[in-house]
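Enquirer: return a 3D structure for these sequence lines:
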Amino acid sequence: PANPITSVVATSYADLTGFSIIVETERPSAIAIHVEGPNGSEVTVGGKAGGSIEVALPYIRPWTPDDPYLYRLEVSNGEDRVVSWAGLRTISLGRIPGARRLERPAVLLNGMPLLLNTPLDQGYWPESGMTAPSDQALVFDLQELKGLGFNGVRKHVKVESRRFYHHADRLGMLVVQDVVNGGRPRVSIPRSRLVMMLDWQTRDKTRRGLAAAGRESRRNRDEFEADLVGMIELLRGHPSIAAWVIFNEGWGQYHTSRLERRVRNLDPTRLIDPASGWFDQRGGDFRSRHRYVLRLQRPPRRDRRAYFISEFGGFNMIADGHLWEGAGSFGYRFYDNADDLNTALTKLYCDQLIPLTAFGLRGCVYTQLSDVEIETNGLFSYDRQTLKPDAGLLRELNTRLYAAFDSLATGR
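Expert: Reported below is the predicted structural model:
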C-alpha cells in the first residue's frame with residue numbers, strides 16, 4: 001500500500017471499560033477501527049493516525065490466565081487494512097484486599113492479587129539454537145508449563161519472535177521480559193555466591209562502576225538504550241507481558257535508576273524489575289533477589305517492596321539419552337534419580353518457598369524450563385522429550401503455593 005499501517009497498540013482503561021488505541025502510519029491519514037468482542041458485540045470508531053482513538057466497549061471480558069480473551073481489531077486507513085488483537089487487562093501493585101495492614105503490596109491483575117510464578121525460559125533448542133525449530137515448539141513450552149500449574153515464564157535475556165508473545169497472549173501465560181544486557185558481568189560466578197550470601201550492593205554511576213560493567217563507551221550505552229526502547233515499542237501491545245527486567249545479575253549494569261525512569265515513562269502500564277538478582281539500587285517495584293544453593297531468605301522488615309525471588313532452584317538431574325553433545329554439566333545441586341529430585345523439590349517448596357508468602361513473597365522464578373546445552377537443571381530435558389520431576393507433584397506444589405498466597409486475603 002502507498003500508506004501502510006505500521007503499528008497498532010491498545011491500552012486498557014484503568015476501569016476496564018475500553019481501550020485507547022494508537023495507530024501509526026507512514027503518512028498522516030484517517031483511521032477506522034472495528035472491534036469485535038464477546039457475545040457478538042461490535043463497535044466501530046474513527047480517528048487520526050498517531051493520536052489516541054478511544055473505544056468504549058459494550059461488553060466487558062477482561063484478559064486473565066484462566067480466561068485469556070482477546071478482542072479482535074480490524075484497522076484500516078483506506079489504503080491498508082490490518083487485523084490485530086487486544087487483551088483487556090491492567091497490571092499494577094497494590095494492597096491485598098482483607099490482608100493485614102502491614103502486608104507488603106502484591107501484583108494486581110485487573111485489580112485482583114496474583115502471585116507471579118514464572119520459570120526461567122532461555123529459549124534454546126538443541127536442533128536450532130536460539131531459533132525455535134517450529135511454531136509448535138513455542139506452543140509446547142507454554143502449554144506444558146501451564147499444565148504443570150505455572151502462570152507464566154520469565155523470558156531470559158532474549159527477545160523472541162512475535163509468534164511467541166501471540167501464543168502467550170492467547171494461551172494466558174504471563175511474561176516477565178528481560179532486556180538483552182550486553183556489557184560485562186561485574187562479578188564472577190564463584191564470587192556471586194558471596195554476593196548472594198552477604199546481599200552485597202554497589203553503586204552503578206561511578207567511572208569505576210562503568211568500567212567494571214563494560215560501559216565506558218558512550219556509543220555502547222546509546223546502543224543499549226536504543227535496543228531497550230526498540231524492544232518496548234515492539235512488544236508493548238501484548239497483554240501477556242506483565243513486567244520488564246532491565247538488568248540481570250549486574251551484567252552491563254549502569255545508571256539503573258535513570259533507566260528505570262525512562263522505561264516507566266515509555267510504558268507506565270507494566271511493572272519494572274530494574275536489577276534482577278543483585279546490585280539493587282533501591283528502586284523498582286520489587287525487592288528482586290537470586291538465591292542458589294543457599295537457603296531462601298526472608299526480606300528485611302525495613303524493605304516494604306514486594307519480594308520477588310527472581311531466580312532460585314536450578315536442581316540438576318541428567319536425563320540419559322537426552323544430553324547435548326557438549327561435555328560437562330553445570331548447575332547448583334545434583335540428583336541421581338527422579339525420586340531424589342522430587343524429594344528435594346518438595347522440601348524446597350514446602351520448607352522454604354511457600355512459607356515466604358507470609359513475609360512478602362509476591363513472585364518466583366524457578367530455574368529453569370529446560371536444560372540448555374551443559375546446563376542440566378531444567379524441568380524438561382533439552383530436547384523436551386523428558387519431564388524430570390513428577391508432573392502431579394509439580395501441580396500439587398504450585399497449588400499449595402497459590403493457596404498460601406490466597407490465604408493472605410483472610411488476614412490469617
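
Enquirer: so residue 341 is in contact with residue 317, correct?
Expert: Yes. Using Cβ atoms under 8 Å, residue 341 is in contact with residue 317, at 4.8 Å. Just so you know, the C-beta spots here come from the backbone N, C-alpha and C atoms, and that holds for glycine as well.

Enquirer: the more surrounded of those two?
Expert: Neighbours per residue (other Cβ atoms under 10 Å) separate residue 341 from residue 317, with residue 317 holding more: 25 against 21.

Enquirer: ok so, going back, joint contacts of residue 341 and residue 317?
Expert: Common neighbours of residue 341 and residue 317 are listed as 335, 388 (criterion: Cβ atoms under 8 Å, 6 or more residues apart in numbering).

Enquirer: out of the helices and strands in this structure, which is least certain?
Expert: Among the helical and strand segments of the chain, the one scoring lowest on mean pLDDT, DSSP states H and E is helix 189-198, with a mean of 84.

Enquirer: return the alpha-carbon coordinates of stretch 333-351 using CSV.
Expert: Provided in CSV are the C-alpha atoms of stretch 333-351 (Å, rounded to 0.1, in the frame of the first residue of the first chain):
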residue,chain,number,x,y,z
ARG,A,333,22.6,-29.2,43.2
PHE,A,334,22.8,-32.6,41.6
TYR,A,335,20.5,-35.6,41.9
ASP,A,336,20.9,-39.1,40.6
ASN,A,337,17.3,-40.0,40.0
ALA,A,338,13.7,-38.7,39.8
ASP,A,339,12.8,-39.8,43.3
ASP,A,340,15.6,-37.8,44.9
LEU,A,341,14.8,-34.8,42.7
ASN,A,342,11.1,-35.0,43.7
THR,A,343,12.1,-35.1,47.4
ALA,A,344,14.4,-32.2,47.1
LEU,A,345,11.8,-30.1,45.2
THR,A,346,9.2,-30.9,47.9
LYS,A,347,11.5,-29.7,50.6
LEU,A,348,12.5,-26.6,48.7
TYR,A,349,8.9,-25.6,48.2
CYS,A,350,7.3,-26.7,51.4
ASP,A,351,10.1,-25.8,53.9
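
Enquirer: thought residue 194 was touching residue 200?
Expert: Yes. Using Cβ under 8 Å, residue 194 makes contact with residue 200 at a distance of 6.8 Å.

Enquirer: what's in contact with the least confident helix or strand of the chain?
Expert: 187, 200, 249, 278, 289-294.

Enquirer: could I get these as JSON lines with neighbour count, distance to residue 226 and secondary structure?
Expert: What follows is the contacts of helix 189-198, written out as JSON lines (neighbours: other Cβ atoms under 10 Å; distance: Cβ to Cβ, whole Å; DSSP: H, G, I helix; E, B strand; the rest coil):
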{"residue": "187", "neighbour count": "18", "distance to residue 226": "27", "secondary structure": "coil"}
{"residue": "200", "neighbour count": "13", "distance to residue 226": "31", "secondary structure": "coil"}
{"residue": "249", "neighbour count": "22", "distance to residue 226": "23", "secondary structure": "coil"}
{"residue": "278", "neighbour count": "23", "distance to residue 226": "26", "secondary structure": "coil"}
{"residue": "289", "neighbour count": "21", "distance to residue 226": "29", "secondary structure": "strand"}
{"residue": "290", "neighbour count": "20", "distance to residue 226": "28", "secondary structure": "strand"}
{"residue": "291", "neighbour count": "21", "distance to residue 226": "33", "secondary structure": "strand"}
{"residue": "292", "neighbour count": "17", "distance to residue 226": "33", "secondary structure": "coil"}
{"residue": "293", "neighbour count": "12", "distance to residue 226": "37", "secondary structure": "coil"}
{"residue": "294", "neighbour count": "12", "distance to residue 226": "37", "secondary structure": "coil"}
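
Enquirer: which one of those sits closest to residue 142?
Expert: Using Cβ to Cβ, residue 290 comes nearest to residue 142 of the contacts of helix 189-198, at 23.4 Å.

Enquirer: returning to that earlier point: and the contacts of helix 189-198 as JSON lines, adding pLDDT?
Expert: Formatted as JSON lines, the contacts of helix 189-198 follow (pLDDT from 0 to 100):
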{"residue": "187", "pLDDT": "84"}
{"residue": "200", "pLDDT": "81"}
{"residue": "249", "pLDDT": "95"}
{"residue": "278", "pLDDT": "91"}
{"residue": "289", "pLDDT": "97"}
{"residue": "290", "pLDDT": "96"}
{"residue": "291", "pLDDT": "96"}
{"residue": "292", "pLDDT": "95"}
{"residue": "293", "pLDDT": "92"}
{"residue": "294", "pLDDT": "93"}
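
Enquirer: sounds good, over and out.
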